[in-house]
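# Structure, please.
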Amino acid sequence: MNMPSATIIQDLESRHVLQTYKRQPLVLVRGRGMHLYDSDGRAHLDFISGIGVTVLGHGHEGLAAVIAEQAQTLLHTSNLYYHPLQGHLAARLSALSGLERAFFCNSGAEAMEACLKFARRYWYSQGLTRRTRFVALEHGFSGRTMGALSVTANPHYRDPFGPLIPGVTFISPDDPAALRAAVTDKTAAIIAEPLQGEGGVRPLPEAMAATIADVARGTGTLIIADEVQCGLGRTGWPFHFQSFNWQPDLVTVGKAIGAGVPVGAALVSARVATQVAAGDHGTTYGGNLLATRAALYVIEQLTGTTDAVPYAHGGLIGHVREVGQYFGEQLESLRERHAIVDHVRGAGVMRGLALTIDAQPVVDRAREAGLLVNRTAECVVRMLPPFIVSTDDIDAAVAILDRVLTEVAA
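Numbering: from 1, shown residues only. Prediction:
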């Protein structure tokens, strides 16, 4: 296929693609490892990984091989029938998370939709039909479908699409007392990202994490841990809720699990699963053979459960723990050198530079210098590199950011 020019590609999109994205002025055509290449052949060090998705890097030969093999064997059957892979993947996720069952879908937003339904179904099954409300956190982001949007606090995302699902209370992550007051005998579930992503790479304060667990134990309220961005190894934990010793009833999974193949999952505890009946939820594509084959391969790479995994000490999750500490240290060195860096946030290879100015000029100049990062919460430079990132890659990214921060502050 002859590649059209960047100008032609951009013009075609401007005329025929719904303009819901403010794209960066870059046409990306191929990738290898930590780098993406544009239509002019220029290399870009990728520290955003498709918003936390391409955790194995680009052009990964092992993943490409299993996708090709599965495509030649069987892609899709629907959930009318069994196939050999869905149960296997559910068992692997259960072993990683401690939750007994999985419902497979196609994205993180769909996983949240499923969790909201399962939470309400749990109480309905017990005759508590008024227990339908949700408590969620400010700065949280759970997706753009109507249910997920209803538990997303940012009015920029919400206001044009109201009225949304009623009965949602938003509280500050810094106010545990407000959480205790908000949870009543009408609350179905508390929804929280253990490490907020779109909201600015904000760690959940320890006091709030402890209060959520305590309130859930005391009231029976379900916990929905939204792990779409921070889960599956990105912070050095299989799931970041494990750093709080939570025992959530529902967990959303997306992004990393398919490394670019669209797949999501709602993980479900035994007590909730027993209250869900056949026909309560469904999806045509969710859990098909291509998606589950890719996800199984990704989990093998994350956990080091095959001889093909090149990383010692627990596969890529172990690698993230080690390299993530170095990443944090190098970003702290940037903070010490640049007054416009207020502080560094995050864990593992999920990091944010919180600036005293709008982050967009930094993102733009970094892109021009060959580094891809993005802006979130207006003043945060968000970094979500592939899990294969090395200390050399981190050094290269930090060197570019060092120059860019100096230029922007001048």
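
# Got phi/psi on the most centrally placed residue in the chain?
Taking CA atoms, centre = their mean, the centroid of the chain lies closest to Gln229, which sits 1.6 Å from it. Main-chain dihedrals, Gln229, degrees, to the nearest 10: phi -100, psi -40.

# contacting residues around it?
Ile51, Gly52, Gly108, Glu193, Leu195, Gly197, Glu198, Lys255, Met350, Leu384 (CB atoms under 8 Å, 6 or more residues apart in numbering). No exception for glycine: its C-beta is placed from N, CA and C like everyone else's.

# What is the burial count for the first one?
Ile51 is flanked by 15 other residues according to other CB atoms under 10 Å.

# ditto for Ala68
Neighbours around Ala68, by other CB under 10 Å: 10.

# Tell me the helices and strands packed up against whichever strand or helix holds it.
Ala68 belongs to helix 61-73 when assigned by DSSP states H and E. When contacts are defined as 3 or more CB pairs under 8 Å, 6 or more residues apart in numbering; DSSP states H and E, helix 61-73 sits against helix 289-303.

# Against which helices or strands is the helix it packs on packed?
Helix 289-303 packs on helix 61-73, helix 86-97, helix 315-337, going by 3+ CB pairs under 8 Å, 6+ apart.

# go with 10 Å
helix 61-73, helix 86-97, strand 101-105, strand 264-268, helix 315-337 (3 or more CB pairs under 10 Å, 6 or more residues apart in numbering; DSSP states H and E).

# and the residue nearest to Pro25 when sequence neighbours are not counted, what helix or strand is that in?
Spatial nearest neighbour of Pro25, chain neighbours left out: Gln10 (7.9 Å); criterion: CB to CB, 6 or more residues apart in numbering. With elements taken from DSSP H and E, the one containing Gln10 is helix 6-16.

# Let me see the residues that make contact with that helix.
For helix 6-16, contacts defined as CB atoms under 10 Å, 6 or more residues apart in numbering pick out 3-5, 19, 21, 23, 25-27, 29, 38-40.

# out of these, what pair is the most spread apart?
Gln19 and Asp40 (24.1 Å; CB to CB).

# The closest residue to Ile357 other than its chain neighbours: neighbouring residues, count only.
Nearest residue to Ile357 in three dimensions, chain neighbours excluded: Ile340, at 5.5 Å (CB to CB, 6+ apart). Look at Ile340: counted by other CB under 10 Å, it has 16 neighbours.

# now do Glu332
Neighbours around Glu332, by other CB under 10 Å: 13.

# tell me the contacts of it?
Val341, His343, Val344.

# rerun at 7 Å
Glu332 sits next to Val344 when contact means CB atoms under 7 Å, 6 or more residues apart in numbering.

# how about CSV for the contacts of helix 6-16, with distance to Glu138 added?
Output for the contacts of helix 6-16, formatted as CSV (distance: CB to CB, whole Å):
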residue, distance to Glu138
Met3, 44
Pro4, 44
Ser5, 44
Gln19, 29
Tyr21, 25
Arg23, 28
Pro25, 33
Leu26, 32
Val27, 37
Val29, 39
Asp38, 37
Ser39, 40
Asp40, 42
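
# Show me just the buried residues among the residues you listed.
Among the contacts of helix 6-16, the ones that count as buried by 16 or more other CB atoms under 10 Å are Leu26, Val27, Ser39.

# nearest to Thr187, of the residues you listed?
Using CB to CB, the buried ones among the contacts of helix 6-16 come closest to Thr187 at Leu26, 44.5 Å.

# Spell out the secondary structure type for Gly286.
coil (DSSP: H, G, I helix; E, B strand; the rest coil).

# Let me know whether it touches Ser107 as I believe.
No: Gly286 is beyond contact range of Ser107, at 9.5 Å (criterion: CB atoms under 7 Å).

# Tell me which of the two has more neighbours.
Shown here are Gly286 and Ser107; by other CB under 10 Å, Gly286 has more neighbours (25 against 21).

# who are the neighbours in contact with that one?
Gly286 sits in contact with Phe104, Cys105, Asn106, where contact means CB under 7 Å, 6+ apart.

# Helices of the stretch 301-410 of the chain, start to end?
Under the criterion DSSP state H, counting those that start in this stretch, the stretch 301-410 of the chain contains helices at 315-337, 360-368, 391-409.

# I'd like to know which of the ones you listed is closest to Gly33.
helix 391-409 (9.0 Å).

# burial of the residue nearest to Thr211 when sequence neighbours are not counted, as a residue count?
Excluding its sequence neighbours, the residue lying closest to Thr211 (CB to CB, 6+ apart) is Pro176, at 3.8 Å. Neighbourhood size, Pro176 [other CB under 10 Å]: 20.

# close enough to count as contact, Pro176 and Met208?
Yes: in this structure, Pro176 is within contact of Met208 by CB under 7 Å, at 5.4 Å.

# so who does Arg293 touch?
The contact partners of Arg293, by CB under 7 Å, 6+ apart, come to Val66, Gln70, Leu85.

# residue ranges of the strands in the stretch 151-300 of the chain, please?
168-171, 187-192, 195-196, 202-203, 222-226, 250-253, 264-268 (DSSP state E, counting those that start in this stretch).

# Include mean neighbour count and distance to Ala354 when you put those into JSON lines, please.
Listed next are the strands of the stretch 151-300 of the chain as JSON lines, based on neighbours: other CB atoms under 10 Å; distance: least, CB to CB, whole Å:
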{"stretch": "strand 168-171", "mean neighbour count": "18", "distance to Ala354": "21"}
{"stretch": "strand 187-192", "mean neighbour count": "26", "distance to Ala354": "20"}
{"stretch": "strand 195-196", "mean neighbour count": "26", "distance to Ala354": "12"}
{"stretch": "strand 202-203", "mean neighbour count": "22", "distance to Ala354": "9"}
{"stretch": "strand 222-226", "mean neighbour count": "28", "distance to Ala354": "21"}
{"stretch": "strand 250-253", "mean neighbour count": "29", "distance to Ala354": "25"}
{"stretch": "strand 264-268", "mean neighbour count": "29", "distance to Ala354": "29"}
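
# List the contacts of stretch 17-34.
So stretch 17-34 is in contact with 3, 6, 9, 36-39, 45-46, 57-59, 367, 386, 388-389, 393, going by CB under 7 Å, 6+ apart.

# still on that earlier bit, take the contacts of helix 6-16 and lay them out in a markdown table including pLDDT and secondary structure.
Formatted as a markdown table, the contacts of helix 6-16 follow (pLDDT from 0 to 100; DSSP: H, G, I helix; E, B strand; the rest coil):
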| residue | pLDDT | secondary structure |
| --- | --- | --- |
| Met3 | 77 | coil |
| Pro4 | 83 | coil |
| Ser5 | 86 | coil |
| Gln19 | 94 | coil |
| Tyr21 | 92 | coil |
| Arg23 | 92 | coil |
| Pro25 | 91 | coil |
| Leu26 | 94 | coil |
| Val27 | 95 | coil |
| Val29 | 95 | strand |
| Asp38 | 96 | strand |
| Ser39 | 93 | coil |
| Asp40 | 93 | coil |
